[in-house]
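Q: Would you be able to build a 3D model of this:
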Amino acid sequence: MLDLEAKREWLRGEIINAIRQVYDPEIPVNVYDLGLIYDLALDEGNNVHIRMTLTSPGCPVAGSLPGMVEAAAHSPVEVNDVTVELVWNPPWDQSRMSEDARLQLDMF
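A: Below you'll find the predicted structure:
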């Protein structure tokens with residue numbers, strides 16, 4: 001049987017996998033590998049708080065993308081509440097992208 005810490009790490013991985021299903025419609029890379037998720041906190045009650053940003057404040061999906069991330073993070077059955085906080089500091093830049101994302105977008 002998994003101890004509490006191992007179960008939380010497993011659930012955190014499940015949440016990240018779910019968030020990796022969310023894509024910015026203009027960029028063929030998921031929001032996690034794009035580096036838009038700055039922090040994902042999971043408390044003892046399986047409540048999730050996500051700090052995320054967008055590629056720019058004028059992003060056309062600013063109204064919908066945080067909700068898509070919230071819905072994805074809520075999808076694992078063990079998750080209770082999810083809050084998504086949209087932040088602009090520090091500003092997003094390409095250095096936040098995963099190596100896989102940079103390869104996919106030919107940005108090396």
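Q: Excluding chain neighbours, give the residue nearest to Ile37 in space.
A: With CB to CB, 6 or more residues apart in numbering as the measure, Met52 is the residue that lies nearest to Ile37, at 5.1 Å, once sequence neighbours are left out. The way it works is simple: take the backbone N, C-alpha and C, and place the C-beta from them, glycine included.
Q: right, and Asp24 touches Val61 too?
A: Yes. Asp24 is within contact range of Val61, at 6.2 Å (criterion: CB atoms under 8 Å).
Q: Can you point out the buried residues in the helix or strand encompassing Met68?
A: Counting by DSSP states H and E, the element that carries Met68 is helix 65-74. The neighbour-count check on helix 65-74 (16 or more other CB atoms under 10 Å) flags Leu65, Pro66, Met68, Val69, Glu70, Ala72, Ala73 as buried.
Q: just stretch 3-15 next, same as before
A: Neighbour-count burial for stretch 3-15, with 16+ other CB under 10 Å as criterion, is recorded at Arg8, Leu11, Glu14, Ile15.
Q: With stretch 43-63 instead?
A: Residues of stretch 43-63 classed as buried: Asn46, Val48, Ile50, Met52, Thr53, Leu54, Thr55, Cys59, Val61 (neighbour count, 16+ other CB under 10 Å).
Q: and which of these is nearest to Pro90?
A: Nearest to Pro90, judged by CB to CB, of the buried residues of stretch 43-63 is Thr53 at 8.2 Å.
Q: neighbours around the residue lying closest to the closest one once chain neighbours are set aside, how many?
A: Using CB to CB, 6+ apart and skipping residues adjacent in sequence, the residue nearest Thr53 is Trp92, 4.8 Å away. Using other CB atoms under 10 Å, the number of residues around Trp92 comes to 20.
Q: so is Trp92 in a helix, a strand, or just coil?
A: The three-state assignment at Trp92 reads coil, by DSSP: H, G, I helix; E, B strand; the rest coil.
Q: Next up, the contacts around it.
A: Residues counted as contacts of Trp92 (CB atoms under 8 Å, 6 or more residues apart in numbering) are Gly35, Leu36, Thr53, Leu54, Thr55, Ser56.
Q: Nothing else from me, thank you.
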